[in-house]
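> Starting from these lines, generate the structure:
(2 chains)
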Amino acid sequence: METFYDIIFNRTDNLVVEKEKASHKTALSTLTNSYTYGELKKEIKKYKSMLSEYGDLTGYRAALIIPSVFTYTALFIAINKLGGTIVPISHQFKNHDLTSVLELTKPHFIFTAQNNDHTEQIQLVKRWVDKEGKQVNFYFQENNQWKLNKSNGEKYEQDKEKIDVIGCSSGSTGAPKGIMINMNSWKSWINQIEKEFKLSEEDAIFSTFPLNSPYGIAWLLTSLKNGTKIIFPESFDVFKIINYLRNHHCNKIVATPSAYNSLNLFLQQGNRDVLERLDRIMISGEPVTPAFIESLKGMEHCMLTACYGISEQGILLVKKDMKELYKSGWDLVDGIEARIGHDDELVFKSPAVLNGYYKRSDLTKEVLEKGWYYTGDLGTRLENGNIQLIGRKKDMIKKGGQQVIPGEVEKVLAKHKHVKSVSIVGVPHPILGEKVVAFITGEVLVPHTELYNLCKREIARYKVPDEIYQLEELPMNQGKIDKLKLKKLAANSGASEAEQ
Amino acid sequence: MTFDNLKHVISEISKLPLNEIQEHSSFKEDLEIDSLQMVNLVIEIQTRFGIDISKIQSNDDLVSVGSMFTAFTRE
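Numbering: from 1, shown residues only, chains lettered A, B, ... in the order given. Model prediction:
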């Protein structure tokens, strides 16, 4: 069975790259550290030996909630080499979002470390493990030492089929979905990135995509395979990133429009030299608007590429020259088939397709039919055969490149004893892409501080509403909450009927 | 821009009551403002008070409420 380790370290098709990896070539960088291929290999070996007592891990699930890029990468490769299933989880998750992902995936192993941004991840996981009362091998890092907390109880069921990675995202109802992605799909993801972006060994790529997202993982694997230097900041700290870019060679940036916008604002102020050194900017993860393309004026020396993809299917559409996007539409990525389904929904067939949603064959059946995946995004076919995106069928919010599912935030707010009904909408925002706006009703005026505190305790910071309005009642249309009206209300900063 | 003006904007963005925003409050630890929100905050201050963002010269200017105020009001 082929492993990520084989893809990275046992390439037979390019012995030159392999030879260089054996020397002191840098594999991976963060804003503060760099690691060579040798160091990465040694770290993988360390984890393989740490986990050797369990033998073959096939069918066992291991959750990684690790803020350190190096530790995460080494564990990711080691667990996969031992046959285990990796469940990457965002270290920004808190009580509600963290436990719902753990409940879905029921991991046999959990690895975590003290988070540097405040969250008591270890305590949260410990509480969950105690409450479950099952057999979980819980590894946590304290003062750079791994400690093991083995809980007793019945063993979780092993998976009968081989699953390489279960990527978790919040489902449209707020209950998480586990996207099963196997080796063949990962190889297609890697192939797509190699073909579309033609990486070279001289490249130094700066990526703002988190390593718990399939797209972030795909970039990590592709770079490691090709001996390309890739930098993942462990937190999105604009000034630290700018300092890094100023002092280190970076010629390519992979980012969402909102992350790039934030960097650009400060790069334009006296840091133009950093921009001059770039030769390619690769944008994805959020809608590419005409205003965003306009903001790239002055970057003509650089190739500006946009791509559209989804965790379930890899990269699907690309526009090599982003400036042409609204003239000639998106081009299909090689090997992808597309059709426009009922109600203008975009349907694709991709070799990087998911294997299904974990423990949710019902959901899989809803969106995957004979290899065709129903994206929930709307599009139209242009005269030249290209595709133009026109919107979303699902009401997912994209804030700062991260997905926020209204249902999940609604569930948390509904826990407040005075909240009678709640609805969450996304509203365009110049920096964040979209902001999260909550509308609530209640018999008494609910203090917003209580609602914000509730959200901050339960869900990742980026999911906490940016604004909350209390209405007498939520507007309805044909028996459903009229989200369009709410969006308009929010865009007008809450008309007179709403009280912020 | 007065210190009180700054506190008001921070309160709006961090969703914390005014009395919890002090000169020594750290953006990351005390107010839990992440980086993207920080950019949002800086842009909000620029728009509202017409202050040039180039006054922010390093990360140290964005450590605490006090350091941000000093940076924005420096000559």
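
> only C-alpha atoms for contact and neighbour calcs from this point on.
Will do.

> Tally up the residues packed near the closest residue to B:T70 other than its chain neighbours, please.
The spatially closest residue to B:T70, leaving aside those adjacent along the chain, is B:D61, at 7.8 Å (Cα to Cα, 6 or more residues apart in numbering or on different chains). A count of neighbours around B:D61, defined by other Cα atoms under 10 Å in any protein chain shown, yields 18.

> ok now do B:D61, which residues does it touch?
B:S67, B:M68, B:T70, B:A71 (Cα atoms under 8 Å, 6 or more residues apart in numbering or on different chains).

> A:A175 now?
Contacts of A:A175 by Cα under 8 Å, 6+ apart are A:S100, A:E408.

> There's contact between B:P17 and A:T449 in this structure, I believe.
Yes. Contact criterion Cα atoms under 8 Å: B:P17 and A:T449 qualify, at 7.3 Å.

> Format the CA atom coordinates belonging to the helix or strand bottoming out on mean pLDDT in chain A as PDB.
Scoring the helices and strands of chain A by mean pLDDT, DSSP states H and E places helix A:15-22 at the bottom, with a mean of 75. Extracted C-alpha coordinates of helix A:15-22, given in PDB (Å, rounded to 0.1, in the frame of the first residue of the first chain):
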ATOM      1  CA  LEU A  15      16.500  10.800  -8.400                       C
ATOM      2  CA  VAL A  16      18.100  14.300  -8.500                       C
ATOM      3  CA  VAL A  17      15.400  15.600  -6.200                       C
ATOM      4  CA  GLU A  18      15.700  12.600  -4.000                       C
ATOM      5  CA  LYS A  19      19.500  13.000  -3.700                       C
ATOM      6  CA  GLU A  20      19.100  16.700  -2.700                       C
ATOM      7  CA  LYS A  21      16.500  15.800   0.000                       C
ATOM      8  CA  ALA A  22      19.200  13.500   1.500                       C
END
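
> For that helix, what is the distance to the chain centroid?
30 Å (Cα atoms, centre = their mean, to the nearest Å).

> repeat for stretch A:331-341
23 Å.

> Pull out the buried positions in that stretch.
Within stretch A:331-341, the residues scored as buried using 16 or more other Cα atoms under 10 Å in any protein chain shown are A:D331, A:L332, A:V333, A:I336, A:A338, A:R339, A:I340.

> which residues are in contact with stretch A:312-321?
A:179, A:181, A:188-189, A:192-193, A:215, A:303-310, A:325, A:329-333, A:336, A:348-354, A:373.

> Only whichever of these are buried, select them in ChimeraX.
Buried residues within those, by 16+ other Cα under 10 Å, are selected in ChimeraX with:
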select /A:179,181,188,189,192,193,215,303,304,305,306,307,308,309,325,329,330,331,332,333,336,348,349,350,351,352,353,354,373
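
> Which of the three states applies to the residue in the stretch 301-450 of chain A that chain B sits nearest to?
Ranked by Cα to the nearest Cα, the top residue of the stretch 301-450 of chain A for proximity to chain B is A:I431, at 6.1 Å. Under the three-state scheme (DSSP: H, G, I helix; E, B strand; the rest coil), A:I431 adopts coil.

> how about it, what does it touch?
A:I431 sits next to A:S258, A:N261, A:S262, A:G400, B:L36, B:V39, B:N40 when contact means Cα under 8 Å, 6+ apart.

> If you rank the residues you listed by neighbours, which is first?
Result: A:S258 is most packed of the contacts of A:I431 (other Cα under 10 Å), 27 neighbours.

> which residues touch the helix or strand where that residue lies?
Applying DSSP states H and E as the criterion places A:S258 in helix A:257-267. Helix A:257-267 is contacted from outside by A:208, A:238, A:242, A:274-275, A:283-288, A:292, A:295, A:400-401, A:431-433, B:36, B:39, B:53-54, using Cα under 8 Å, 6+ apart.

> Equivalent analysis for stretch A:408-415, please.
A:96, A:170, A:173-175, A:419-424, A:451, A:454-455, A:458-459, A:463-464.

> Tell me where chain B has helices.
B:3-14, B:35-49, B:65-73 (DSSP state H).

> Could you report the pLDDT at the residue lying closest to A:L124 once chain neighbours are set aside?
Nearest non-adjacent residue to A:L124, counting by Cα to Cα, 6+ apart: A:N95, 6.6 Å away. Note on A:N95: pLDDT of 87.

> Go ahead and confirm A:N95 touches A:E458.
Yes. Here A:N95 reaches A:E458: they are 4.6 Å apart, a contact under Cα under 8 Å.

> Extract the residue ranges of chain B that are flagged as low pLDDT.
For chain B, no stretch is flagged by pLDDT under 70.

> Give the burial count for A:I7, as a bare number.
Neighbours of A:I7 using other Cα under 10 Å come to 16.

> and the nearest residue to B:F69 once chain neighbours are set aside, how many residues sit next to it?
Nearest residue to B:F69, sequence neighbours excluded (Cα to Cα, 6+ apart): B:F3, at 6.8 Å. Other residues near B:F3 come to 15 when the count uses other Cα under 10 Å.

> before we move on, back to that, only whichever of the contacts of stretch A:408-415 are buried, select them in ChimeraX.
Buried subset of these, written as a ChimeraX selection, criterion 16+ other Cα under 10 Å:
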select /A:96,170,174,175,419,421,422,423,424,451,454,455,458,459,463,464
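
> Out of the contacts of stretch A:408-415, list just those in helices.
In this view, those that belong to helices under DSSP H are A:H96, A:L451, A:L454, A:C455, A:E458.

> Which positions in the stretch 251-400 of chain A make contact with chain B?
Taking Cα under 8 Å from any Cα of the partner chain as the measure of proximity, the stretch 251-400 of chain A contacts chain B at A:A259, A:S262, A:F266, A:Q269, A:G270, A:G400.

> and those, which two are the farthest apart?
A:G270 and A:G400 (24.2 Å; Cα to Cα).

> Just confirm A:I7 is within a helix.
Yes. Under three-state DSSP, A:I7 falls within a helix.

> I'm done for today, thanks for sticking with me.
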